[in-house]
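Peer 1: From the sequence below, what's the structure:
(one chain, ligands or ions: 1)
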Amino acid sequence: MPPTTLLPFTTPGTSRKSGTASSVLPNRPAFRLTEKFLLLLVFSGFITLCFGAIFFLPDSSKLLSGVFFHTQRSSGAGGGPKHGGRELEGDKLSKIREDHEKALREAKDTLQKPPEQIKQDIKEEKQKVVQDSADRKEGAARLPDVVFRKPVGATGREPSDPQTRERQAKIKEMMKHAWENYKRYAWGSNELKPLSRHQHSSSLFGNIQGATIVDALDTLYIMGMHDEFKEGKEWVEKNLDFNVHAEVSVFEVNIRFVGGLLSAYYLSGEEIFRSKAVDLGKKLLPAFNTPTGIPWALLNIKSGIGRNWPWASGGSSILAEFGTLHLEFMHLSQLSGNPVFAEKMMNIRKVLNRLDKPQGLYPNYLNPNSGQWGQRRIVKENHCATDHVSVGGLGDSFYEYLLKAWLMSDKTDEEARKMYYDAIQAIETHLIRKSNGGLKYIAEWKGGLLEHKMGHLTCFSGGMFALGADGAPEDTSGHHMELAAEIARTCHESYVRTATKLGPEAFRFDGGVEAIATRQNEKYYILRPEVIETHMYMWRLTHDPKYREWGWEAVQAIEKNCRVDAGYSGIRDVYSSQLSHDDVQQSFFLAETLKYLYLMFSDDDVLSLDHWIFNSEAHPLPIIRKNDQIQ
Ligand code: DMJ
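Peer 2: Numbers count the residues shown, from 1 in each chain. Here you go, the predicted model:
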């Protein structure tokens, strides 16, 4: 090697090191020839070592990567690495060597490939990744095989009596009018604005679309509107998407979307409805991630973050919301083979049963963090009162679902039965009153004081008492039926006493009035079903013709006051014949109001009460027979 090559090591000032070493070099004498030779020998030895290391490097890296891989796997299984690299057995070492050599060969091949070929390979690889992830997704949604049974009484014959037939046909025409206009002006959105002829979006569903379609499917089916049902099904297949950034009301999405999809499945047997229902059910599960398992009211179905309504008593969840999931969730477990849905429900029960019920009543607010009723106040010594107990808004369908949980379980869910009849007894004692004019009503309890007001929503309870009469304890069946009839009459009175013959949102029994709204903001009617729902149950369970007449009165009043050229609209004041429309065709008008009317003018074997249970949005779910129940 020529001496010049040593210059960098020997020439002063050329060292890249600064400091002491370079500052002493200038004073050192030049190397003698033997010293130079020795240095050359050491240096070449060093170079040889380096080359050797490079040659051995592949094997070393094999060892290293082998240890890493093993660690990953071991820790994945819950433990640290059990072996060091030196302890790897021979076959493992040779496997590592093989893999490594294969990787080297592939790298070499790639380098030798023309650029076009490399591009093509990358494209194919990408496609494979996409396909793999699609397969994985499909796998996740793959559901166990279920034997689909032909639904009992999903559609029926025309009624033999000509008047009933004519009335039934009229209700079907109303459904056509509502559906056609929704289709024309708001297809795919949640609801229709029938005056603006535009879409209406409600924050209850976040970015989930198509509430009217999903809510209407089963009504279309039972009315024999097959083309429309098919249109709805195709929309669901292509467009119903839950992978959206959306904060939704868990309750509303459950009763309308999960309920609507489940019913569409049970009626038609179309798999798409089952898989969409289960898919949505899974999206709702993070709502139960609270310290008690009492779900949040609102959930972002993308992020899984939940919270409660800001106005709800100190961050509480609401009885009528977390208490109105049971029917749908039991069916989700049934159809998916996944017990998690049912488990969430039974946990809610457990929490409720651990709590003291003031006077046997269930307050409307429950804190999901503490598991305590919201806003408790001591009004007297040793006497606790809570802010709000109601069979109307905030409480209503909790009671409905207790009864229906028992019925839907083929009367095996004894716990639900007991909870229902105990609750009704407390309600009778503390909330039900009779007016001077002889009208029975259900008041609301606020901080221990009764507010003599009954909501339109509360009117569903007539139907509930009638449905529950049969199983009532100790010969009280007749009493429950009487109560049902009295509530039906009071609610009918709330309709009769208005100019439009439609009932207000709430009516009062104080200040010299009975069954009349006194506040301007309680005078509206938004196409709600509850009064009609009660008439339907009363008709089916008593066959007293007055209930069909009351139903028909409602049809006429809706036609006169709510029908507009492009659909149906709510009205702002039921006491005024100067109509002011609110410009919303609620999805529950198609799901509930028109369905209950249609059933009232059908034979009893159309969605017979012996086989079907209606969820809170009137979506029919079959009774789960004892032998079919998953354990
Ligand atoms: C419906 O969405 C359901 O019946 C719910 O339980 C309460 N009320 C509306 C219709 O009034």
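
Peer 1: which bits of the stretch 251-400 of the chain sit near the ligand?
Peer 2: Ile255, Ser397 (C-beta under 6 Å from any ligand atom). In this view, the C-beta of every residue, glycine as well, is placed from N, C-alpha and C.

Peer 1: can you pull out the helices in the stretch 251-400 of the chain?
Peer 2: 259-268, 271-284, 319-322, 326-336, 340-354, 396-408 (DSSP state H, counting those that start in this stretch).

Peer 1: and among the ones you listed, the most buried is which?
Peer 2: Across these, the average number of neighbours (mean count of other C-beta atoms under 10 Å) peaks for helix 259-268, which reaches a mean of 27.

Peer 1: That helix packs against which elements?
Peer 2: Counting contacts by 3 or more C-beta pairs under 8 Å, 6 or more residues apart in numbering; DSSP states H and E, helix 259-268 is packed against helix 211-222, helix 226-239, helix 271-284, helix 326-336, strand 620-622.

Peer 1: what's in contact with the next helix or strand after the second one?
Peer 2: Sequence-wise, the next helix or strand beyond helix 226-239 is strand 247-249, with elements assigned using DSSP states H and E. Residues outside strand 247-249 that contact it (C-beta atoms under 8 Å, 6 or more residues apart in numbering) are Leu204, Phe205, Gly206, Ile208, Ala297, Leu298, Leu299, Asn300, Ile301, Glu321.

Peer 1: Can you name the residues that contact the third one?
Peer 2: Each residue near Gly206 by C-beta under 8 Å, 6+ apart is listed here: Val244, His245, Ala246, Glu247, Val248, Asn300, Ile301.

Peer 1: Can you tell me which of these are buried?
Peer 2: Neighbour-count burial (16 or more other C-beta atoms under 10 Å) is assigned, among those, to Ala246, Glu247, Val248, Asn300, Ile301.

Peer 1: from those residues, which is closest to Tyr596?
Peer 2: Ranked by distance to Tyr596 (C-beta to C-beta), those are led by Val248 at 25.7 Å.

Peer 1: Out of the buried ones among the contacts of Gly206, which one has the weakest pLDDT?
Peer 2: Here the lowest pLDDT out of the buried ones among the contacts of Gly206 sits on Ala246, with 86.

Peer 1: can you pull the contacts of whatever residue of the stretch 101-250 of the chain ends up closest to the ligand?
Peer 2: Closest to the ligand within the stretch 101-250 of the chain is Asp215: 8.7 Å, counting by C-beta to the nearest ligand atom. Asp215 makes contacts with Arg256, Gly260, Ser587, Phe588, Leu590, Ala591, Glu617, as judged by C-beta under 8 Å, 6+ apart.

Peer 1: Can you name every helix or strand that whichever strand or helix holds the fourth one contacts?
Peer 2: Counting by DSSP H and E, the element that carries Phe588 is helix 587-588. Identification of packing neighbours for helix 587-588 by 3+ C-beta pairs under 8 Å, 6+ apart yields helix 211-222.

Peer 1: can you tell me the helix or strand for the nearest residue in space to His198 that is not next to it in sequence?
Peer 2: Residue nearest to His198 in three dimensions, not counting chain neighbours: Tyr185, with 6.2 Å by C-beta to C-beta, 6 or more residues apart in numbering. Here Tyr185 sits within helix 162-186, counting by DSSP H and E.

Peer 1: and that helix with helix 211-222, angle?
Peer 2: For helix 162-186 against helix 211-222, the angle by axes from the mean of the first three to the mean of the last three C-alpha atoms, to 10 degrees is 150 degrees.

Peer 1: quick one: buried residues of helix 162-186?
Peer 2: Judged by neighbour count using 16+ other C-beta under 10 Å, the buried positions of helix 162-186 are 164, 167-168, 170-172, 174-175, 177-179, 181-183, 185-186.
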